[in-house]
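[1] Okay, sequence plus prediction incoming.
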Amino acid sequence: MKVHFIAIGGSAMHNLAIALHQKGYTVTGSDDEIFEPARSRLRKYGLLPSREGWDVGKIVSTLDAIILGMHAKADNPELAEARKLGIPVYSYPEFLYQQSINKKRVVIGGSHGKTTITAMILHVLNNYAIDADYMVGAQLEGFEVMVKLTEQAPVMIIEGDEYLTSALDPRPKFHVYQPDIGLISGIAWDHMNVFPTFDNYLEQFRQFVGLLPKDGCLVYCAEDLNVLNIASDLSKDIIKFPYTLPAFHVVKGKTFLHTPAGDVPLKIFGRHNLLNLEGARLVCEQLGIKREAFYDAIQSFAGASKRLETVVTGENTIIFKDFAHSPSKLRATIQAVKEQYPDRRLTACFELHTYSSLNKDFLPQYAHAMDEADTAIVFYGRHALELKRLDYFESNDVVNAFQRDDIKVFNDGENLQNYLLNEDWNHHNLLLMSSGNFFGMDLKYLSTHIIDFRGKS
């Protein structure tokens with residue numbers, strides 16, 4: 001097949017392009033801007049466009065399909081030419097569904113934890129050389145790309161994002177995949193620009209479980225009241241597998257899971273990660289992996305990229321980074337680090353970066369979200385507000401929203417970096433939380449300086 005990608009530089013899009021190239025497809029693409037790591041990865045496989053920008057000359061009648069990225073607008077000139085020529089146009093979720101239509105589809109949904117749960121499942125399947133196609137939202141150790149598509153794999157594991165499918169399709173992505181086995185990790189209001197009320201957001205998960213076929217399976221976190229209510233309304237034809245927090249203990253910064261066969265040491269930590277682990281275990285059991293085998297394999301799981309990831313470790317200082325951006329995830333991530341290292345101070349630094357987090361009307365959702373940190377820092381930039389066409393707000397609005405009088409608010413990345421460099425990091429951990437990059441703060445320099453000059457006793 002010959003396939004052209006409109007907006008090939010997206011995180012999911014460039015991985016799908018590489019996956020189809022590896023499958024033997026002829027792949028071309030365009031984009032008006034391509035950033036790292038997509039640029040280097042596309043170049044490695046000979047898929048990087050020769051120049052940035054849209055080129056209707058690439059849209060020819062011999063193409064079998066167009067794959068439209070979320071970044072592309074409805075008036076894109078390449079899209080207009082494809083329609084003129086009658087070439088089939090798919091969003092990447094639609095194309096993934098078509099590629100997996102004869103497979104068992106496992107779709108992992110939820111406001112948080114879905115990348116980690118998907119990664120855990122893939123780690124265990126890979127450990128036992130069980131063939132599976134997949135799509136996951138982060139780079140994983142031992143996996144070359146974030147998308148794999150084959151003819152022979154009987155199952156596909158899909159991270160089910162609830163955001164919109166494309167500029168032409170307002171359905172949430174996880175509705176498109178038509179799950180045979182579904183999982184919901186938790187529900188906390190997000191994507192305010194698309195789902196203006198919590199009830200509207202909640203409805204997307206009701207519809208998701210409504211897509212399960214007769215005798216389909218729902219794995220769900222029974223500690224989340226919203227999820228519990230949705231599961232309780234399900235048809236009796238759906239097989240339900242609830243999960244709760246497993247028993248564990250922490251010794252000297254190491255988490256041990258209590259199992260029928262004895263304590264199992266883990267590389268991951270935090271209550272939210274242990275809940276994720278239970279969800280992954282139940283999915284794996286539906287795929288034929290026994291509980292004991294799951295525990296054997298999960299011991300070596302070190303986490304997904306940017307999900308409570310250790311940046312650098314010193315003698316008595318660790319720097320973590322996490323993708324956390326919702327209020328519930330902030331609370332869970334801060335709690336995890338404090339519980340794992342109770343004898344160390346914790347500075348938690350959060351960047352307002354998503355549309356919801358930068359919306360003044362949404363800010364009160366963060367009330368008390370950073371209370372467990374010894375020092376709480378919030379960073380946001382005027383440029384981010386301008387890009388999202390949102391009204392500017394003042395530092396006092398942040399203080400009032402988080403309901404913590406001593407919270408420190410920064411608008412300049414250099415000032416934030418200087419503050420962190422001048423802190424005393426003895427017996428003191430740093431947690432950086434953002435779906436962005438603190439507007440270009442030099443994390444490598446910061447980490448090296450803290451560990452080499454501040455993080456030693």
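    Received the coordinates, thanks. Numbering: from 1, shown residues only.

[2] contacting residues around the residue positioned nearest the centre of the chain?
    Residue closest to the mean C-alpha point of the chain, counted by CA atoms, centre = their mean, is T115 at 4.6 Å. Going by CB atoms under 8 Å, 6 or more residues apart in numbering, T115 touches V136, G137, A138, E159, A304, R307, F323. To be clear about C-beta, it is placed using only N, CA and C from the backbone, and glycine gets the same treatment.

[3] 7 Å instead?
    Residues near T115 by CB atoms under 7 Å, 6 or more residues apart in numbering: V136, G137, A138, E159, A304, R307.

[4] which one's the longest helix in the chain?
    The longest helix of the chain (DSSP state H) is helix 271-286.

[5] quick one: contacts of that helix?
    For helix 271-286, using CB under 7 Å, 6+ apart, the contacting residues are 106, 113, 116-117, 120-121, 124, 181, 183, 185, 217, 219, 221, 223, 241, 243, 245-246, 248, 291, 294, 298, 308, 332, 335-336.

[6] Drop anything exposed from those residues.
    106, 113, 116-117, 120-121, 124, 181, 183, 185, 217, 219, 221, 241, 243, 248, 294, 298, 308, 332, 335-336 (16 or more other CB atoms under 10 Å).

[7] Okay, and which of these map to strands?
    V106, I181, L183, C217, V219, C221, F241, Y243, F248 (DSSP state E).

[8] ok, of these, which one's closest to S91?
    Among these, V106 lies closest to S91 (CB to CB), at 20.0 Å.

[9] who touches that closest one in this structure?
    V106 sits in contact with V155, I157, I158, P179, I181, V283, where contact means CB under 7 Å, 6+ apart.

[10] re earlier: now the ones in strands among the buried ones among the contacts of helix 271-286 as TSV including distance to N396 and pLDDT?
    Formatted as TSV, those follow (distance: CB to CB, whole Å; pLDDT from 0 to 100):
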residue	distance to N396	pLDDT
V106	46	98
I181	47	98
L183	41	98
C217	49	97
V219	43	98
C221	36	97
F241	47	98
Y243	41	98
F248	40	96
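
[11] residue boundaries of the helices in the stretch 101-250 of the chain?
    Residue ranges of the helices in the stretch 101-250 of the chain, as given by DSSP state H, counting those that start in this stretch, are 114-127, 173-176, 198-210, 225-232.

[12] okay, now the residue nearest to A231 when sequence neighbours are not counted: neighbour count?
    Distances taken as CB to CB, 6 or more residues apart in numbering put Y220 closest to A231, at 5.0 Å, once the chain neighbours are dropped. By other CB atoms under 10 Å, 27 other residues sit near Y220.

[13] repeat for E292
    12.

[14] same question, K240
    14.

[15] now the one 10 residues further on
    With neighbours defined by other CB under 10 Å, the count for V250 comes to 14.

[16] show me the contacts for V209.
    For V209, the contacting residues are G182, L218, I230, L234, by CB under 7 Å, 6+ apart.

[17] So which of the residues you listed is the closest to G46?
    Using CB to CB, G182 comes nearest to G46 of those, at 37.1 Å.

[18] pLDDT score for the closest one?
    If you check G182, the pLDDT there is 98.

[19] Same question for S111.
    91.

[20] Please look at P88 and A65 and confirm they touch.
    Yes - in this structure, P88 is within contact of A65 by CB atoms under 7 Å, at 5.2 Å.

[21] between these two, which one's more packed in?
    Taking other CB under 10 Å, P88 and A65 do not tie; A65 has more neighbours (19 against 13).

[22] ok, what's across the strand from the more buried one?
    Counting by DSSP bridges, A65 forms beta bridges with V3.

[23] Can you verify my assumption that it contacts F5?
    No - at 9.7 Å, A65 and F5 do not qualify as touching, with contact defined as CB under 7 Å.

[24] Would you enumerate the residues in contact with P242?
    Counting by CB under 7 Å, 6+ apart, P242 touches Y220, A222, A231.

[25] want to try JSON lines for those residues, with distance to N411 and pLDDT as columns?
    Output for these, formatted as JSON lines (distance: CB to CB, whole Å; pLDDT from 0 to 100):
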{"residue": "Y220", "distance to N411": "40", "pLDDT": "98"}
{"residue": "A222", "distance to N411": "41", "pLDDT": "97"}
{"residue": "A231", "distance to N411": "43", "pLDDT": "96"}
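
[26] possible to save the residues you listed as TSV with distance to E423?
    Output for the contacts of P242, formatted as TSV (distance: CB to CB, whole Å):
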residue	distance to E423
Y220	41
A222	40
A231	45
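
[27] Just give me the closest of these to N15.
    Y220 (27.7 Å).

[28] got the contact list for the residue nearest to A231?
    Contact analysis of Y220 by CB under 7 Å, 6+ apart lists L183, I184, V227, A231, P242.

[29] With distance to S40 added, can I get those in a markdown table?
    Formatted as a markdown table, the contacts of Y220 follow (distance: CB to CB, whole Å):
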| residue | distance to S40 |
| --- | --- |
| L183 | 33 |
| I184 | 35 |
| V227 | 39 |
| A231 | 43 |
| P242 | 43 |
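
[30] Could you list the buried residues of the helix-or-strand element of the chain with minimal mean pLDDT?
    Among the helices and strands of the chain, helix 382-387 carries the lowest confidence by mean pLDDT, DSSP states H and E, at a mean of 82. Buried residues in helix 382-387, counting neighbours by 16+ other CB under 10 Å, are found at A384, L385.

[31] isn't K254 right up against P265?
    Yes - contact criterion CB under 7 Å: K254 and P265 qualify, at 6.2 Å.

[32] Could you name every residue contacting both of those two?
    Counting by CB under 7 Å, 6+ apart, nothing touches both K254 and P265.

[33] ok so, going back, ok, the contacts of P242 vs D131, which is closest?
    Within the contacts of P242, the smallest distance to D131 is 26.7 Å, found for Y220 (CB to CB).

[34] before we move on, the earlier item: return a PyMOL selection command for the buried portion of the contacts of T115.
    Filtering the contacts of T115 down to the buried ones (16+ other CB under 10 Å) takes a single PyMOL command:
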select buried, resi 136+137+138+159+304+307
